[in-house]
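A.B. asks: what follows is a predicted structure for the sequence shown.
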Amino acid sequence: MQYEPVARVYAQALLDVGREQQRIDALGEALESVAAAARTDSLVKTFLETPALDAKAKKQALTSLRGTLDGMVVNFLCLLVDKGRIAQLDSIARAYRDLADEAGGRTRVRATTARPIDAATQQQVEGAVRDVLGGQVVLETEVRADLLGGLVLQVGDKIYDGSVRGRLGRMHTAMTRSSGL
Amino acid sequence: MKIGADEITSVLRKQIEQYENKLDVADVGRVLEVGDGIARVYGLASAMAGELVEFEGGVYGQVLNLEESSIGVAIFGDYLTVKEGMPVRGTGRVLEVPVGPALIGRVVNPLGEPIDGLGPIKTDRFRPMEMIAPGIADRQPVKQPLQTGIKAIDSMTPIGRGQRELIIGDRKTGKTAIAIDTIINQKNENVICVYVAIGQKESTVASVVDTLRKNGAMDYTIVVSCSAADPAPLQYIAPYAGCAMAEEFMYNHHRDTLVVYDDLTKQAQAYRQMSLVLRRPPGREAYPGDVFYLHSRLLERAVKLSDDLGAGSLTALPIIETQEGEVSAYIPTNVISITDGQIYLVPDLFFAGVRPAVDVGISVSRVGGNAQIKGMRKVAGSLRLDLASFRALEAFAQLGTELDAATQKQLDRGARMVEVLKQPQYQPMSVVDQVLVLYAGSQGHLDVIPVNRVRDFERVLLDTIRNAHPEIRNRIQEAREIPADLTAKLDQTIQSIRDQFLGGKAHDPR
């Protein structure tokens, strides 16, 4: 995943706090929920990013989350507002997730299929990946109908394309090449 | 504990509600920062590149940069009145200038507002400043001459209507003088002229306007002035504004037009300043990557329109100032490659008294040859080569070696042709007179006249022919050349005038 270098710096700082307090995952979830709120609601996003409002107003609104959200994360968000980095919230949340995965020895695997897969199949895929990579595996699923069938696995930068569309494409390449076209 | 995004949203929403009016980013933007004619604006999500936007208080700007969270706006007008936090609204229009006959004789700024104190300009016609240049089907070849009235140019680097001819040279080499002479010479040529002054001193522009007025040239000329004190965005748009004013006459009045851009170096520098403030990445000599397009899109608008479109034309005379004769700098090479030729002015010639200081060796006109009248083409045909060989021989002769008669003759002829090509400022010459003088020179009639008296003789010759032999001028005027049956009479006439001039006896040049 791509994000600005600065996002990694902020994420690392929060991660260090999480490690001290043994609450890496809890902080991650809280951070992600705010990032998701900004992603899904354009008004929230605009509110956080707009330079038309000063830091005081933004911090006031964020402090109201103190009951719902982990206090440490609220503090962190206020810090981002002060430093003018709140616009990078989404990349910071992503960077945090990646760093937390790394620290926890987890591998994130993205499975894309043509139709939704059931829990049993998910287990099966997870098991298969774990056998190859070792360690803990977190499976994320995505549905894309244009794959026609089969499965595409993305592990880090590598893509294992076992989809029907991919196989047809390779077949097409092989056939046109051998025919000398 | 797992917290949902909805929960966060609902809590935040309650807090945000009070600011809702400040969060409308689609139609209204807010100024983040202002500096050097550029404003950064947050919001205005619906803005389009090039769109005209209005700041509170009536100052206008143009959207130049569209970035993820802000837009960069060039401010046209007093940018000191634009303040942080000020609302900005889109207008959905592009930059326009007033155009039409009402502008003739006026001095305006690049927005078309009068600055000559002669009252408002009454016109209801507007044209966008930026126009896509006409395509191939809308054009026809350049074949009609645009007489500059300058012997050295009309004979050797002729300019056609619809051509783009660059005037390039160091400071103080007479670049503007050539352009002004050309405008003055359009008096009886039915050409509308636009003189665009970019980044010059107000006093210089005032004296140019004064000269044009004294010579009666303001009757068909528009002056667009943007001085060195004006903000960079205005200097940047000035040539496009001038071009749009000329285009109106070309497209809608089917007229021939001439636009002088004096000078594009300053415009490029203004654009560089804007680009750097807009944080566009600097390239060679710190100019932005699209500085070539800046000039190419402007000069592409010079055109000779097809007969279907009324056969109007727009001739462009861009001016470029070089530093220490450095033509291989970035902007000069760009503009040289865009234009259809260049008139190169050199300080050495200028200070040696050869004025206009045109270096005939490296000045060219790539399309103007077709536009020359037949008579001129004949007398000027070998002129360029003669002068080039004269320059070579001249250097050789300075070594003080003995010269054979043929070489000496060539040197004598060359020295007299150089004299003939000299011409005072603000005295453009009709093409018939030019043909007569160059004919006399190329036929050797001047060879016996002392070099320092050649210019006197030129004056006497033209005066005498004009007053005593008007039929010669009339015939050349009609035929656009020297008719074959006229040459004998012309030779005889020139000889008799010369003999009279020299006091009855031929002078020995040695």
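C.D. replies: Structure's in. What do you need?

A.B. asks: quick one: the helices in chain A?
C.D. replies: A:5-20, A:24-40, A:42-49, A:55-63, A:71-82, A:89-103, A:119-133, A:164-178 (DSSP state H).

A.B. asks: pull the CA atoms of the second one into CSV?
C.D. replies: In CSV, the C-alpha atoms belonging to helix A:24-40 read as follows (Å, rounded to 0.1, in the frame of the first residue of the first chain):
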residue,chain,number,x,y,z
ILE,A,24,-1.8,-2.0,19.9
ASP,A,25,-5.0,-3.5,18.4
ALA,A,26,-7.4,-1.5,20.5
LEU,A,27,-5.7,1.8,19.3
GLY,A,28,-5.7,0.5,15.7
GLU,A,29,-9.4,-0.2,15.8
ALA,A,30,-10.3,3.2,17.3
LEU,A,31,-8.1,5.0,14.7
GLU,A,32,-9.6,3.0,11.9
SER,A,33,-13.2,3.8,13.0
VAL,A,34,-12.4,7.6,12.7
ALA,A,35,-10.7,7.1,9.4
ALA,A,36,-13.7,5.1,8.1
ALA,A,37,-16.1,7.8,9.3
ALA,A,38,-14.1,10.4,7.3
ARG,A,39,-14.1,8.1,4.3
THR,A,40,-17.8,7.5,4.3
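
A.B. asks: that helix: how far from the chain's middle?
C.D. replies: Mean-position distance between helix A:24-40 and its chain equals 10 Å (Cα atoms, centre = their mean, to the nearest Å).

A.B. asks: mean pLDDT lowest where, among the helices of chain A?
C.D. replies: Note on the helices of chain A: lowest mean pLDDT is at helix A:42-49, with a mean of 85.

A.B. asks: could the helices of chain A go into a markdown table alongside mean neighbour count and distance to B:Gly37?
C.D. replies: All C-beta spots, glycine's among them, are computed from the backbone N, C-alpha and C. Formatted as a markdown table, these follow (neighbours: other Cβ atoms under 10 Å in any protein chain shown; distance: least, Cβ to Cβ, whole Å):
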| stretch | mean neighbour count | distance to B:Gly37 |
| --- | --- | --- |
| helix A:5-20 | 16 | 30 |
| helix A:24-40 | 20 | 35 |
| helix A:42-49 | 19 | 26 |
| helix A:55-63 | 17 | 29 |
| helix A:71-82 | 18 | 31 |
| helix A:89-103 | 20 | 33 |
| helix A:119-133 | 13 | 57 |
| helix A:164-178 | 11 | 53 |
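
A.B. asks: OK, contacts around the one residue in the stretch 51-200 of chain B that gets nearest to chain A?
C.D. replies: Using Cβ to the nearest Cβ, the single residue of the stretch 51-200 of chain B nearest to chain A is B:Ser69, 6.3 Å away. Applying Cβ atoms under 8 Å, 6 or more residues apart in numbering or on different chains to B:Ser69 gives the contacts A:49, A:87, B:42.

A.B. asks: do the same with B:Gly72
C.D. replies: Taking Cβ under 8 Å, 6+ apart, we find B:Gly72 in contact with B:38-41, B:63-65, B:278-279.

A.B. asks: that one: helix or strand, and which one exactly?
C.D. replies: Assigned by DSSP states H and E, B:Gly72 belongs to strand B:70-76.

A.B. asks: quick one: average pLDDT of the following helix or strand past that strand?
C.D. replies: Next helix or strand after strand B:70-76 toward the C-terminus (DSSP H and E): strand B:87-90. Regarding strand B:87-90, the rounded mean pLDDT is 90.

A.B. asks: partner strands of strand B:87-90, with direction?
C.D. replies: Strand B:87-90 pairs in its sheet with strand B:28-35 (antiparallel), strand B:52-55 (antiparallel), by DSSP bridges.

A.B. asks: the first one to strand B:70-76, inter-axis angle?
C.D. replies: Direction vectors for strand B:28-35 and strand B:70-76, defined by axes from the mean of the first three to the mean of the last three Cα atoms, to 10 degrees, enclose an angle of 70 degrees.

A.B. asks: next, the buried residues of strand B:28-35.
C.D. replies: By neighbour count on 16 or more other Cβ atoms under 10 Å in any protein chain shown, the buried set for strand B:28-35 is B:28-32, B:34.

A.B. asks: most neighbours, which of the contacts of B:Gly72?
C.D. replies: Using other Cβ atoms under 10 Å in any protein chain shown as the neighbour test, the contacts of B:Gly72 are led by B:Ala39, with 28 neighbours.
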